[in-house]
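*Asks:* next input, structure requested:
(chains A, B, C and D)
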There are 4 protein chains.
Amino acid sequence: LKYKVDINSDLGESYGAYKTGNDEKIMPHITSANIACGFHAGDPTTIAKTVNLAKKYHVAVGAHPSFPDLMGFGRREMHLTSEEVRTYIIYQISALEGFARIAKTEIQHVKPHGALYNMAVRDEELSKAIVEAIKALNSELIVFAMRKSALASATSKKRLRVAYEFFADRAYNPDGSLVSRSHPKSLITEPRLVVRRAIQAVKEGTTQTDDGETVNLDGVHTICVHGDTPSAAELVAVLKKGLTRAGIAVEPVGRFM
Amino acid sequence: LKYKVDINSDLGESYGAYKTGNDEKIMPHITSANIACGFHAGDPTTIAKTVNLAKKYHVAVGAHPSFPDLMGFGRREMHLTSEEVRTYIIYQISALEGFARIAKTEIQHVKPHGALYNMAVRDEELSKAIVEAIKALNSELIVFAMRKSALASATSKKRLRVAYEFFADRAYNPDGSLVSRSHPKSLITEPRLVVRRAIQAVKEGTTQTDDGETVNLDGVHTICVHGDTPSAAELVAVLKKGLTRAGIAVEPVGRFM
Amino acid sequence: LKYKVDINSDLGESYGAYKTGNDEKIMPHITSANIACGFHAGDPTTIAKTVNLAKKYHVAVGAHPSFPDLMGFGRREMHLTSEEVRTYIIYQISALEGFARIAKTEIQHVKPHGALYNMAVRDEELSKAIVEAIKALNSELIVFAMRKSALASATSKKRLRVAYEFFADRAYNPDGSLVSRSHPKSLITEPRLVVRRAIQAVKEGTTQTDDGETVNLDGVHTICVHGDTPSAAELVAVLKKGLTRAGIAVEPVGRFM
Amino acid sequence: LKYKVDINSDLGESYGAYKTGNDEKIMPHITSANIACGFHAGDPTTIAKTVNLAKKYHVAVGAHPSFPDLMGFGRREMHLTSEEVRTYIIYQISALEGFARIAKTEIQHVKPHGALYNMAVRDEELSKAIVEAIKALNSELIVFAMRKSALASATSKKRLRVAYEFFADRAYNPDGSLVSRSHPKSLITEPRLVVRRAIQAVKEGTTQTDDGETVNLDGVHTICVHGDTPSAAELVAVLKKGLTRAGIAVEPVGRFM
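*Replies:* Numbering: from 1, shown residues only, chains lettered A, B, ... in the order given. Below you'll find the model as predicted:
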């Protein structure tokens, strides 16, 4: 097939007695799992289960490191030194790595979580620290980032591979950034529309704003689907089928980058 | 040299702004460092520093996993399921492993911390879970344990190497167990006596109780020195010198086991 | 009405982004809420919401203190010193107290959570520490305990009021203890049976074992209903109606003790 | 005496096995203690000890609430919602309150800690949330703030009392803000100079910048002395003596505001 794309989702976000997400139902339909590493979610028992589940469905394992903020689920901005960022990232990826090895798989990618991801869109120093940590550990790891982000630039500059993410269920601004969640039209929930947008993003490398303006995405390697909505499993199944029917191979990004 | 022994100490027990221990002064005189992995002590920045310090002094790196109890410094008994124990241990050793790799060294051993170590002296199920975790990760890892302990037995049963620890600064009961810390004579602080006891333990494989009874230690591979007392650095320097003078080579246990 | 009883449930067990329980649906049907105080569950925002919800439905507010074990939801035994137990309990009740004052209500009772509750059934020293903490803060607080427990004895000895709990949905042993959760017949899920058992417990002060043996309960002040099952809201509604129909007034325990 | 001033210091910042500060030595020389409440430091056992120590030396008790960041000692900026700020502050002050009541004292004041204090210098929304929390709990509480800060304004607007802090050991900018800690001349360590500056601040309401410019302080109610330096106890003793000799009564701020 001429076109290839990866589908990623945030999984393993339970914590002890707190169960969240639909991991069992989503895993069969995605190709890359971003697994929480204990700082915003994901106690060790959850990590072990999630890695095993990924292995079972041939889903590539990724680290989903976060600020140390369990009370806020990693969604709150924190201002750390570069050394703190580096060592926190190393700690989390490493912790996951052992579970991957035991499951006879390995870590394919790293996707910063929540506020860490959002801050890395525009913060160069933070992005540099994130990439340094990843590179120090394993320069084969692929970094998931938005095309127009400080994280993508920092990754390229350090000569690591960066997979550009497309958010099929989020509206875009003309400059390629996401419409803020606080905006009423920020979320796209109609499955057929999500599929259509994903196909256009992969095949044509573009998407439409709400006003019909065309945004150039400059390439899409992986499509992010949120796993925490009740209908997420359904949506991701429809998405995978739709992409395949459109002649797009859905595979872990590590296989075609 | 005919005789060989390792000296180990618990290091890297700072946490964020909380600084504890005399790592800089102790590291030059020991051969194995038990490094806190974040559950009772040891934030990621501290772990990075401690691993680098160990590397600088050619000290072997070991994981010092604990119950998840920062408020109690891992010194309080907790009753977990075997699955929890296994995954918590895997998480902590793995987290350390990345830092070791970045420092171009590797983990030599694992020594459970605090209440986890104490419970593993007598609890077979707990010991089994600990050893299973270690073996799943890396069957080359050496387990530090008391000679007469469930942990030592479980380690041997799983065919992993176990290094028997001798506590040179602690009084022993006739059955080879340690005199409880609550007992006034439990601690031996006179440096020359500590050195003499260490030499006897290594060369003759025995130690004396307070009543002069001889305890058969059945082999000693590593001598534990506590790093949290003000005089620890001095004691460990004296100990190393004393052992060397007595014709005992002081080396990381991984080199001679 | 001649007979009175209280219905209590554990609520406010969400934590940040982790939502659990059916607080909105259960609150209208109970008379006492055991509110998590942050150590096993219950971040401050959740506490505030839960206290306000209790106030709205005229439900008495109680503290539900726990061991400091978020990763294990307070369900794992921990061995603390009496001083630690005392200060941890004081901290948690006090933290709740401010929210109660702001909502113009006050704390009626204290019910230890999870492993702390279970250990206090048999551990006298632990129970003494719990009661000392409660008494030091406010000797008007009512302690929820099983009739045959070290906690009930310790509470009476310190001259605080103790409310005996009956678990309407749990099977009892002939000695008045609960059948272990690991036993297949430990849980009673058939609503009519739960109601019948509750009525018998209140009116006759007895319950039946699975073998039909009669257990003397020596008085029942409050009936515990678990809020974490999907059908909990329904069950508690049925229970309240059933008790009322049987001529039993359902009221917060503080009104009739 | 015509002049009065309070001396405050951050105490109770130990956590479990981590001991920090010189509380025993500083407490006799201050009049207001800012006590950590568990979010950046201060486990419940430490809180109990610190409150008792304050009581012993007739030192007024204050709450020292923080962002929930034990790993960073509350020194890192976090971006929370106003509701989170409000409930986190309520939780921490309330938790302390019970210990105060048991020690037969009460909370006099609230001083936000670390990054929360620093952000409240300029962030109006954050300051509003802090003051709302304090007012909801107890409108008699005094808020410690810098004269030129959003927190001072928000406190006055809500009609709570605000005590203006003077940092006797920190250099000031012409606009009344503190010289950044990263600047080499930010700290003033010479005790006699610290005393002289404190006297001038209290009597004349002014201080000098490094360039000799006079800064109008608009009133000083309390002088902050850092307790975490080795010489802190000595400095604070000298300061108290110096102020007294200069005819300034050193008393808890609650007595003269």
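*Asks:* got the buried residues for stretch A:35-53?
*Replies:* Applying a neighbour-count criterion of 16 or more other C-beta atoms under 10 Å in any protein chain shown, one finds A:35-51, A:53 buried in stretch A:35-53. Yep, even glycine has a C-beta here, placed from its N, CA and C like the rest.
*Asks:* that one near chain C at all?
*Replies:* Yes - interface with chain C: stretch A:35-53 contributes A:Asp43 (C-beta under 8 Å from any C-beta of the partner chain).
*Asks:* tell me if that stretch is near chain D.
*Replies:* No - judged by C-beta under 8 Å from any C-beta, stretch A:35-53 makes no contact with chain D; its nearest approach is 9.5 Å.
*Asks:* for that stretch, what is the average pLDDT?
*Replies:* In this model, stretch A:35-53 has a mean pLDDT of 98.
*Asks:* same question for stretch A:146-154.
*Replies:* Stretch A:146-154 carries an average pLDDT of 96.
*Asks:* straight-line length of that stretch, end to end?
*Replies:* The first residue of stretch A:146-154 is 12 Å away from its last residue (C-alpha to C-alpha, to the nearest Å).
*Asks:* ok, the closest residue to chain D within the stretch 101-250 of chain A to D:Ile89 distance?
*Replies:* Ranked by C-beta to the nearest C-beta, the top residue of the stretch 101-250 of chain A for proximity to chain D is A:Ala115, at 7.8 Å. As defined by C-beta to C-beta, to the nearest Å, A:Ala115 lies at a distance of 21 Å from D:Ile89.
*Asks:* tell me which residues in stretch A:119-126 are buried?
*Replies:* A:119-121, A:123, A:126.
*Asks:* for chain C, what's its nearest residue on the stretch 151-257 of chain A.
*Replies:* As assessed by C-beta to the nearest C-beta, chain C sits closest to A:Asp228 within the stretch 151-257 of chain A, at 8.9 Å.
*Asks:* how much space separates the residue nearest to that residue when sequence neighbours are not counted from A:Tyr15?
*Replies:* Excluding its sequence neighbours, the residue lying closest to A:Asp228 (C-beta to C-beta, 6 or more residues apart in numbering or on different chains) is A:Gly21, at 5.7 Å. Distance of A:Gly21 to A:Tyr15, given as C-beta to C-beta: 11 Å.
*Asks:* got it, and A:Gly254?
*Replies:* Plainly put, A:Gly254 is 28 Å away from A:Tyr15 if you go by C-beta to C-beta.
*Asks:* can you pick out the residue with more neighbours from the two?
*Replies:* Taking other C-beta atoms under 10 Å in any protein chain shown, A:Gly254 and A:Tyr15 do not tie; A:Tyr15 has more neighbours (25 against 21).
*Asks:* contacting residues around the nearest residue to A:Ile102 once chain neighbours are set aside?
*Replies:* Leaving aside its chain neighbours, A:Ile102 sits nearest to B:Ala136 (4.8 Å; criterion: C-beta to C-beta, 6+ apart). For B:Ala136, the contacting residues are A:102, B:86, B:90, by C-beta atoms under 8 Å, 6 or more residues apart in numbering or on different chains.
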